[in-house]
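>>> What follows is a predicted structure for the sequence shown.
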Amino acid sequence: MQKSNWRWWICSLLFAATTVNYLDRQVLSLTWRDFIAPEFHWSYSQYGNITAAFALFYAFVSLFSGRFIDRVGTKRGYLIAIFVWSLGACMHAGCGWLTMQIHGLADNTALQAIQAGSAMALAISSTSMWLFLFCRMILAIGESGNFPAAIKVTTEYFPKKDRALATSIFNAGSSVGALTAPLTVPFLARAYGWEWAFIIIGAIGFLWMGFWQFMYDAPERSKHVNEAELAFINQDEIPLTKEIPTAIEGATEATAGNSETSPHTATHQTETAPSLSLLQCFRLRQTWSYLCGKFFTDGVWWFLLFWAPAYFSDQYGYRSDSAMGAILIFIVYLIVTVVSILAGGYLPKYFIGSLGMEAYSGRLRAMLIFAFFPVFSLLAQPLGQFSAWWPAIIIGLAGAGHQSWSANLYNTIGDMFPKSTIATITGVGTMMGGISSFIINKTAGTLFDYCDAAGSAFRFLGFEGKEGGYMIIFCYCAVAYLIAWGCMKVLVPRYRKVEW
């Protein structure tokens, strides 16, 4: 029997969800500098506070979001997650109107007439910052469920040898979202106002919910997955000598929240072990290996995501709604998308499939190669003196290194942990990545304000003012992945399956 290929349709849904996730996350970074800040008189520190607070709250709720996905199941959990973050994305549009109501201003003309540096301007900037912070928290609650759910679905639908490729494909949605955003968001903001940019982009998630509701089901219950594909998916499982009793099948389906009878005869063992508690997870070296991989590196990606538009605007004068500004950001994420899928998906597959390496060892070898990509960040500022194209290419390569690293880091969970705990571990790792992002975004905002005020009095490696500030951050980006890889290798030097 020729196997069906429904798993790739499910992968396309994960890709679409991740694309929407990053589109919603990028709207603020593409509108704050050129559209929102002039209205609300924001400083770099205030924007840094918003992005840092988003990351910190994202980290906190991620500690529980994976656990939530494991308990309610991927179908319901994903629907709830994308509904909440789409709602939060649309809510940003009301921050301007509510700020005017609080301060008794009639319209945008009155808002823009406020003198910069006045007491009223400071009050408006503070009020609007807190309103945006609230909306970012709603966004964070929903978005924290995306990766735990997506990684769990990938583990359900793909054997170990194909998980890195599937993860690279859906994880490329973050790059495609970041790629699409500069080509749409600034121009929506300029044509209809920044408020409508949040509403139009935020509403896409509600459309995705309809596709997920009708297309997704666990592979053993899906009418689109035939016996050959199910056997392919479950090739890593231990074959049973007899069928799973009907009572156990019914209990498993009830736990997943779906009463539909399985169309397939069970021929492989399904992991029915209970999910590990958070305390049990934190006692494991495998958990801390994964957390180190997230902590040292996630902040780099979030910095590139949140600050790249401002970087090209500040350093080279290309606004996000200018043709050149949009092209530069597009080139960054085009490189990220193409290189990360080719390298992040196929290199570990070559090590594992062609060379016959054990899955964890193959991924670690690939991740060491990817860890060297961000080292090129050291050249972004020096070569940027000649052309803005150089930092665009270099930032793109650094971002591709991160996405390739991230796709394989996620799959080390599936290599070592039982399926019942995968979303929980992913959520804990997302928490650690959020803490990393909080630190780097808070540091960046404060550092750039300080460097801007100090001007030529601040120097670092030959760069003055804000250029020196960016050079400091790029130096960290260059070494972060090598540090993370070293920590992971020390904690789990060779494959060790979690047994409890």
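Looks like it arrived, so ask away. Values in this document were obtained by computation on a predicted structure and should not be read as measured data. Numbering: from 1, shown residues only.

>>> Show the contacting residues for I352.
By CB atoms under 8 Å, 6 or more residues apart in numbering, the residues touching I352 are 160-161, 164, 358-359, 362-363. C-betas here are computed from N, CA, C, even on glycine.

>>> In space, what's closest to it - neighbours in sequence excluded?
Closest residue to I352 apart from its sequence neighbours, by CB to CB, 6 or more residues apart in numbering: G362 at 4.0 Å.

>>> same question for stretch 13-30, mean pLDDT?
What stretch 13-30 shows for mean pLDDT is 90.

>>> same deal with stretch 358-365?
In this model, stretch 358-365 carries a mean pLDDT of 86.

>>> Check stretch 214-229 too.
Stretch 214-229 comes out at a mean pLDDT of 90.

>>> Okay, buried residues for it please.
For stretch 214-229, the neighbour count (16 or more other CB atoms under 10 Å) marks 216-222, 224-226, 229 as buried.

>>> from those residues, which is closest to Y450?
Checking these against Y450 by CB to CB gives Y216 as the nearest, at 48.3 Å.

>>> Next one: I341 from I472, what distance?
Distance check for I341 against I472: by CB to CB, to the nearest Å, it reads 31 Å.

>>> These two: who's more crowded?
Taking other CB atoms under 10 Å, I341 and I472 do not tie; I341 has more neighbours (20 against 17).

>>> Dump whichever strand or helix holds the residue nearest to I352 to CSV, keeping only the CA atoms.
Secondary structure from DSSP states H and E places G362 in helix 359-371. Extracted C-alpha coordinates of helix 359-371, given in CSV (Å, rounded to 0.1, in the frame of the first residue of the first chain):
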residue,chain,number,x,y,z
ALA,A,359,19.9,11.0,16.3
TYR,A,360,21.1,13.0,19.3
SER,A,361,24.8,12.9,18.2
GLY,A,362,23.9,13.8,14.6
ARG,A,363,21.9,16.8,15.8
LEU,A,364,24.7,18.0,18.1
ARG,A,365,27.2,17.8,15.2
ALA,A,366,24.9,19.8,13.0
MET,A,367,24.3,22.4,15.8
LEU,A,368,28.1,22.9,16.2
ILE,A,369,28.3,23.9,12.6
PHE,A,370,25.2,26.2,13.0
ALA,A,371,26.8,27.8,16.1
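
>>> Give the rounded mean pLDDT of the helix or strand following it.
Sequence-wise, the next helix or strand downstream of helix 359-371 (DSSP H and E) is helix 380-384. For helix 380-384, mean pLDDT rounds to 90.

>>> ok, how many other residues are close to the residue lying closest to Y346 once chain neighbours are set aside?
Take Y346 and drop its neighbours on the chain: the residue closest to it by CB to CB, 6+ apart is L165, 6.9 Å away. When neighbours are defined as other CB under 10 Å, L165 has 20 of them.

>>> do R319 as well
Counted with other CB under 10 Å, residues neighbouring R319 total 17.

>>> so who does it touch?
By CB under 8 Å, 6+ apart, the contact set of R319 is 33-34, 186, 313, 325.
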